[in-house]
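Engineer: Generate coordinates for the sequence data below:
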Amino acid sequence: MTALGRAELTLLVRNRTALFVALLMPVAMVVPLRSTLDRFDLAGTGVTVGGALLTGAIGLVLILVVYLNLTSAFVARREELVLKRLRTGEVSDLEVLAGTALPAAALALVQCALIVVAGAAFLGTGAPPRPELLLAGVLLGTVLMTALAAATSAITRTVESSQITTMPLFLVTAAGSGLFVPLDLLPERIASVCELLPMTGAVRLVEAGLLGGAGAADWAGAALSALAWTVISVFAVRRWFRWEPRR
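Structural biologist: A predicted model of the protein is given here:
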């Protein structure tokens, strides 16, 4: 896995488009995220602008750095017959997938840590009151986005078409999982539907870790939602993931 991860990191550094998405896109998206949050009155919701901004930024890192990059990476390695050749060696299928995902996951974790530090330094958010919930949300989100990337690659024919196949989840997550608009500001019926989206559980855990104040029932429900979607995604990968190109 270390050798696979090192090889994937080398390829990521050489791919300027993937590197731009991984390093600069999350930063660039913070500006419209901040302008969106400034339009809402957060008084009485228990959500601060700084906390909402950090929550959205971490969610964007997970979906941009992990999901988008890994979907195209899985498709590229499949079409180049790399995955097929790796399966003929000693490594297991899980190790092949995990090794491919290792650089993106590590980069996402580092960026999330930097976001929390930057928030404390420049936004006055301070240290997270529930760091264990924050860490759980980030780790669950990383695993979930990795599994969803592998599942999405099964319906993606080329690296270029991955920009299309990943767009639905990106748009749904950005609009309904609390990245740009905190769920506490939405009408109750709409919020209850948004709670069922794949990334909402992980984002809720991140929010609880950054802001505190969440009851045990709230963060337990968010964790169960994230775990349920992870199980569903892993099942989809085991059932439909393609190891070689369509002929």
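Engineer: Please, where are all the helices along the chain?
Structural biologist: Secondary structure of the chain (DSSP state H): helices at 2-14, 16-23, 25-37, 49-61, 69-79, 82-87, 93-118, 131-153, 162-165, 167-176, 188-194, 200-211, 216-240.
Engineer: Setting the sequence-adjacent residues aside, check what's closest to the residue most central in space within the chain.
Structural biologist: By CA atoms, centre = their mean, the chain has its centre lying nearest to Leu62, at 2.4 Å. Spatial nearest neighbour of Leu62, excluding adjacent residues (CB to CB, 6 or more residues apart in numbering): Gly141 at 4.4 Å. (C-beta placed from N, C-alpha, C; glycine too.)
Engineer: What of Pro131?
Structural biologist: Nearest one to Pro131, counting by CB to CB, 6+ apart, is Gly209 at 6.2 Å.
Engineer: Quick check, that neighbour in contact with Pro128.
Structural biologist: Yes. The criterion here is CB atoms under 8 Å, and Gly209 meets it with Pro128 at 5.1 Å.
Engineer: where do the contact lists of the two overlap?
Structural biologist: Jointly contacting Gly209 and Pro128 under the rule CB atoms under 8 Å, 6 or more residues apart in numbering are Leu134.
Engineer: who has more neighbours, these two?
Structural biologist: Gly209 (26 against 21; other CB atoms under 10 Å).
Engineer: what about this protein, any weak spots by pLDDT?
Structural biologist: 31, 34, 38, 41-46, 247 (pLDDT under 70).
Engineer: hmm, try it at 80
Structural biologist: In the prediction, the chain carries residues with pLDDT under 80 at positions 1, 12-13, 15-49, 122-125, 213-215, 246-247.
Engineer: What are the contacting residues of stretch 219-234?
Structural biologist: 133, 136-137, 140-141, 143-144, 147-148, 150-151, 195-196, 198, 200-202, 204-205, 208.
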